[in-house]
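Undergrad: with the input below, show me the fold.
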Amino acid sequence: VQTATPSPTVPPSGKPAQMASPDYGIQAFLWWRPEVAHRDLGLVRDAGFTWVKQWFAWRDIEGKGKGQYDWSTADRIVQQVDEFGLKLIVRVDHEPQWAGAPPGNINNFADFLSAMATRYRGRIDAYQIWNEPNLKREWGDKAPNAAEYTQMLKKAYQVIKAADPNAIVVSAGMAPTTELSQRAVPDTRFIQAMYDAGAKPYFDMLGAHGAGYKAPPEMDPGQVATDPNFYNVGDVNCPGDACRIYCFRHVEDLRQIMVRNGDQNKKVVVLEFGWTRDERTASPYYWHRVADQFVQGDYQKRAYEYARANWQPWIGVMSLIYMPDAKWTVDDEQYWWSVIEPSPDEIRLKAPYVILCSYIREQRGMGRCPWAPQ
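TA: Next up is the predicted model:
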């Protein structure tokens, strides 16, 4: 157990973190196995990604009680990311039991973020503040409330900036949903309610989730919302405008909310995007599977191409899902989104990784992908 003193390994750079438009990121699972983390960070770097997203669960660091921090695993991850020359975005959520659930735990959460930003000043480049607070299950099992989340975001922003002014604060990515109830709120409605509650000064970039579902990345949300070949036919709210969520370009709807609220100078960070090839017929994700790993990789590449052609200068990092957890099997939903085959002891590349490696390295002028077939 350690106190919140700055980590001495690498001095702060003193320079604000920068994002290209678009910038290339991927979510990884670096927490449990140092040797797997090292291997996967090498693959991330080799493919030309510049950012890696990692979950720093609050309960894993301050789980034993208020102020009782165990930074050991976080220290190792930050050091490994530094070694590979990557930039780090951390998702911070999942409260420890002692802290209580949101919104009642906001002050405790702010204290934790202050300790983290102090310790990793200049080394964690961006912070994602919570995840999907537009869902009851992510908001302390209480009805989602944008004004309450805005209070969390405000306090988080203030303490992070006080400790590390150059860190980027990204608002939570919202779950794409058509439901408006005590259980869920559509992302567009929730984000507008955040602006109404005064959120504008308290985030540097807007977080977004951009799952592709069945639609190719270039497909217009208006077309998706009226075409039963692409929206979820089991959704009682479809067809209709609410069903614009069922495609990658729904990110443009979130961007328009920013513009309408005079926030056009900020970037959007796509905190999660991808397509699944889920082959399990009983899976709730089966309806929007793509045909195979080659289509999956092609859609992922084309999403970056579309953003490059149409979303500059407002698009920032686009963080793909996933560089997988080595423990995942075919029984895990996340397995089917991954760009490589999960394995604790060997590298098993799949088509999405090789396609992206070739594309990103070409875009960045890095030469041939070392993992591409001869």
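Undergrad: so which strand or helix has the residue lying closest to Gly100 once chain neighbours are set aside?
TA: Among residues not flanking Gly100 along the chain, Asn108 sits closest, at 7.2 Å (Cβ to Cβ, 6 or more residues apart in numbering). In short, each C-beta sits where N, CA and C put it, glycine included. Following DSSP states H and E, one finds Asn108 within helix 106-119.
Undergrad: can you list the buried residues in stretch 172-192?
TA: Buried residues in stretch 172-192, counted by 16 or more other Cβ atoms under 10 Å: 172-179, 184-192.
Undergrad: what does stretch 225-233 give?
TA: 225, 227, 230-232.
Undergrad: how about the helices in this structure?
TA: Counting by DSSP state H, one finds helices in the chain at the ranges 34-46, 58-61, 72-83, 106-119, 146-163, 187-196, 221-224, 251-260, 293-310, 351-363.
Undergrad: quick check: buried residues in the second one?
TA: Neighbour-count burial for helix 58-61 flags 58, 61 (criterion: 16+ other Cβ under 10 Å).
Undergrad: show me what contacts the residue nearest the centre of the chain?
TA: Nearest to the mean C-alpha position of the chain, by Cα atoms, centre = their mean, lies Leu271 at 2.6 Å. Leu271 is in contact with 53, 89, 91, 128, 170, 173, 207-209, 319, counting by Cβ atoms under 8 Å, 6 or more residues apart in numbering.
Undergrad: how about the nearest residue to it, chain neighbours excluded?
TA: Gly173 (3.9 Å).
Undergrad: what sits against that neighbour?
TA: Residues in contact with Gly173 (Cβ under 8 Å, 6+ apart) are 128, 131-132, 207-209, 271-272.
Undergrad: try Asp278
TA: Counting by Cβ under 8 Å, 6+ apart, Asp278 makes contact with 285-286, 289, 333, 336.
Undergrad: so can I have JSON lines of those showing pLDDT, distance to Tyr213 and neighbour count?
TA: Below are those laid out as JSON lines (pLDDT from 0 to 100; distance: Cβ to Cβ, whole Å; neighbours: other Cβ atoms under 10 Å):
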{"residue": "Tyr285", "pLDDT": "97", "distance to Tyr213": "9", "neighbour count": "16"}
{"residue": "Tyr286", "pLDDT": "98", "distance to Tyr213": "12", "neighbour count": "13"}
{"residue": "Arg289", "pLDDT": "98", "distance to Tyr213": "10", "neighbour count": "20"}
{"residue": "Glu333", "pLDDT": "97", "distance to Tyr213": "14", "neighbour count": "13"}
{"residue": "Trp336", "pLDDT": "98", "distance to Tyr213": "13", "neighbour count": "24"}
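Undergrad: out of those residues, which comes closest to Glu138?
TA: Of all these, Glu138 sits closest to Glu333, with 16.7 Å by Cβ to Cβ.
Undergrad: surely that closest one touches Glu279?
TA: No: taking contacts as Cβ atoms under 8 Å, Glu333 lies outside contact range of Glu279: 11.6 Å.
Undergrad: any idea how far apart the tips of stretch 246-255 sit?
TA: End-to-end distance of stretch 246-255 (Cα to Cα, to the nearest Å): 16 Å.
Undergrad: what does stretch 44-54 give?
TA: Start and end residues of stretch 44-54 are separated by 13 Å (Cα to Cα).
Undergrad: contacts for that stretch next, please.
TA: Counting by Cβ under 8 Å, 6+ apart, 19-20, 23-31, 41, 77, 81, 84-91, 125, 128, 271, 317, 319, 323, 353, 356-357, 360-361, 363-364, 366, 369-371 sit against stretch 44-54.
Undergrad: picking that back up, tabulate the helices of the chain (CSV), appending distance to Phe203 and mean pLDDT.
TA: Output for the helices of the chain, formatted as CSV (distance: least, Cβ to Cβ, whole Å; pLDDT from 0 to 100):
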stretch, distance to Phe203, mean pLDDT
helix 34-46, 26, 98
helix 58-61, 19, 98
helix 72-83, 22, 98
helix 106-119, 13, 98
helix 146-163, 6, 98
helix 187-196, 9, 98
helix 221-224, 24, 98
helix 251-260, 10, 98
helix 293-310, 20, 98
helix 351-363, 27, 98
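Undergrad: and the ones you listed as CSV, adding distance to Tyr202?
TA: Formatted as CSV, the helices of the chain follow (distance: least, Cβ to Cβ, whole Å):
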stretch, distance to Tyr202
helix 34-46, 30
helix 58-61, 19
helix 72-83, 24
helix 106-119, 12
helix 146-163, 4
helix 187-196, 9
helix 221-224, 28
helix 251-260, 14
helix 293-310, 26
helix 351-363, 32
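Undergrad: related to what we said a few turns ago, among the contacts of stretch 44-54, which ones are buried?
TA: In the contacts of stretch 44-54, the ones that pass as buried (16+ other Cβ under 10 Å) are 19-20, 23-31, 41, 77, 81, 84, 86-91, 125, 128, 271, 317, 319, 323, 353, 356-357, 360-361, 363, 369.
Undergrad: what about Ala167, distance to Met205?
TA: Ala167 sits 11 Å away from Met205 when distances are taken as Cβ to Cβ, to the nearest Å.
Undergrad: kindly apply the preceding question to Val251 instead.
TA: 13 Å.
Undergrad: any residues in contact with both of the two?
TA: Common neighbours of Val251 and Met205, counting by Cβ under 8 Å, 6+ apart, are Val268.
Undergrad: I figured Val268 was touching Phe203, is that so?
TA: No: taking Cβ under 8 Å as the definition, Val268 is not a contact partner of Phe203, at 11.1 Å.
Undergrad: what do those two both touch?
TA: Contact criterion Cβ under 8 Å, 6+ apart; residues shared by Val268 and Phe203: none found.
Undergrad: returning to that earlier point: what about Ala167 and Met205, which has more around it?
TA: Ala167 (25 against 21; other Cβ atoms under 10 Å).
Undergrad: what sits against that one?
TA: 17, 117, 121, 124-127, 160-161.
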